[in-house]
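>>> What follows is a predicted protein model with its sequence.
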Amino acid sequence: MIRWLITFASLEVALAVLPGIRVEGNAWIAVAVMAAILSLVNAFIKPILTLLSCGCIVVTLGFFLLVVNALTILLSAAIANSLGIGFHVNGFWPAFWAGIVVSIVSFFLNQFVTDERRPPRGSPRPPRGSVGPRDDDIVM
């Protein structure tokens, strides 16, 4: 849920900053649905696009990932439009810049979120192979 809120906030920033992105109708609902669609596209389709474009990514030293981000935003907007959600991206270049804005805003907002599955940064990690507390760790 937190990651979806971060995507929602990132799309709101991109919508406010970039002229090639617009919303028709209720903006909150359109951006909320677009955030959900973008999250699903990033989870399921973006890894496939990244794998298929691996050669281009290596040759361009990773810069082709910006194109992959733009394509995921264009695809998400097309899915949203097909569902009747009024989230419009006017071509490749607005999607390209939206991908950059969404990535930067998401990066900074994710710095404030901790993942329950991982220990916080800077905390000591248990040694490899240890499953639980050892006898010498128990204090009576």
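That came in fine, so what should we check first?
>>> in stretch 89-106, what's buried?
Val89, Pro94, Ala95, Phe96, Trp97, Ala98, Gly99, Val101, Val102, Val105, Ser106 (16 or more other Cβ atoms under 10 Å). (C-beta placed from N, C-alpha, C; glycine too.)
>>> er, stretch 25-45 actually
For stretch 25-45, by 16+ other Cβ under 10 Å, it's 30-39, 41-42, 45.
>>> can you tell me which of these are in helices?
With DSSP state H as the criterion, helices contain Ala30, Val31, Ala32, Val33, Met34, Ala35, Ala36, Ile37, Leu38, Ser39, Val41, Asn42 from among these.
>>> ok, so of those, who is nearest Thr114?
Ser39 (19.0 Å; Cβ to Cβ).
>>> In contact with the closest one, which residues are there?
Arg3, Trp4, Thr7 (Cβ atoms under 8 Å, 6 or more residues apart in numbering).
>>> Name the member of those residues with the most neighbours.
Across the contacts of Ser39, neighbour numbers were computed from other Cβ atoms under 10 Å; Thr7 holds the maximum, 23 neighbours.
>>> what about that residue, which helix or strand?
helix 2-17 (DSSP states H and E).
>>> got a list of contacts for the next helix or strand after that helix?
Next helix or strand after helix 2-17 toward the C-terminus (DSSP H and E): strand 21-23. Contacts to strand 21-23, defined as Cβ under 8 Å, 6+ apart, come from residues Ala14, Leu15, Ala30, Val31, Gly86, Phe87, His88, Val89, Asn90, Pro94, Ala98.
>>> Strand 21-23 pairs with which strands?
Take DSSP bridges as the rule and strand 21-23 pairs in its sheet with strand 87-89 (antiparallel).
>>> tell me the mean pLDDT over the partner strand?
For strand 87-89, the mean pLDDT works out to 95.
>>> mind checking how far that strand is from the chain centre?
Distance of strand 87-89 from its chain centroid, counting by Cα atoms, centre = their mean, to the nearest Å, is 17 Å.
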